[in-house]
Structure formats: C-alpha cells, structure tokens
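Participant: Got a sequence here, can you model it:
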Amino acid sequence: MKAIVTVTGKDKTGIIAGVTAQLAEHEVNVLDISQTVLQDYFAMIMLVDLSGSKTPFNELSDTLSAQGKKMSMDVRIMREEIFDAMHRV
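Facilitator: Prediction:
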C-alpha cells in the first residue's frame, strides 16, 4: 500500500531527518519526495510504500503526528487511494 505524507510548518534544521527517521524505524520506504521553503515556511510531500511495514496505519499516523509536535510541525499521512479520491475533479 502507498500513502502520502505531508509536512508543513516554520523552516528549521532537521525536519527531513526527523520525519524520515520515523519512517525508516517503521520500515516505510520513501518512493518520492518534494520539498520547498516559501519565505520562512517549509512544505514537503512524500510518496511512501507501506508494504514492508508491520506497524498498523493508525499507529504510524499517531507516531508521525507526535514527531511533528516535537518539531513544532504538522505531519500527516493519508492512504494514496483516499488522497486520490479527494483530489479528483
């Protein structure tokens, strides 16, 4: 299963490292990543593969959200099919 991870907040050192470390710990593979800094704001979107992870989706979502709070960032994960359905015209 694939999912979309979004990260937003004030830019600071270590954001990508903090999020990808959590993903790696739960055996989630990053397939694609795009990030940008708009003035002082950081925005990142990742396509990840959850097929190697044994962590339940809800637990992974809670873990990423908690990591985001530690970094004063908003980190969310959404199943790819939900993301696609929400963004269909």
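
Participant: Show me where the protein dips below the pLDDT cut-off.
Facilitator: Filtered on pLDDT under 70, the chain yields the residue ranges 84, 87-89.

Participant: What is the longest helix along the chain packed up against?
Facilitator: The residue-count maximum for a helix in the chain (DSSP state H) belongs to helix 57-70. Counting contacts by 3 or more C-beta pairs under 8 Å, 6 or more residues apart in numbering; DSSP states H and E, helix 57-70 is packed against strand 2-10, helix 15-25, strand 73-79. For glycine as for every other residue, the C-beta is placed from the backbone atoms N, C-alpha and C.

Participant: what does it contact?
Facilitator: Residues outside helix 57-70 that contact it (C-beta atoms under 8 Å, 6 or more residues apart in numbering) are 3, 5, 7, 9, 18-19, 22-23, 26, 28, 50, 53, 55, 74-77, 79.

Participant: before we move on, what about stretch 18-29?
Facilitator: Taking C-beta under 8 Å, 6+ apart as the rule, stretch 18-29 contacts 5, 7, 30, 44, 46, 48-50, 52-55, 60, 63-64, 67-68, 70-71, 75.

Participant: Just the buried ones from the residues you listed?
Facilitator: Buried by 16 or more other C-beta atoms under 10 Å: 5, 7, 44, 46, 48-50, 53, 60, 63-64, 67-68, 71, 75, out of those.

Participant: which two of the residues you listed lie the greatest distance from each other?
Facilitator: Maximum pairwise distance among the buried ones among the contacts of stretch 18-29 (C-beta to C-beta): 23.2 Å, between 49 and 71.

Participant: one step back: what's the closest of the helices and strands packed on helix 57-70 to residue 40?
Facilitator: Nearest to residue 40 among the helices and strands packed on helix 57-70 is strand 2-10 (5.8 Å), distances taken as C-beta to C-beta.

Participant: Counting neighbours, show which residues of the closest one come out buried.
Facilitator: 2, 3, 4, 5, 6, 7, 9.

Participant: Nothing else from me, thank you.
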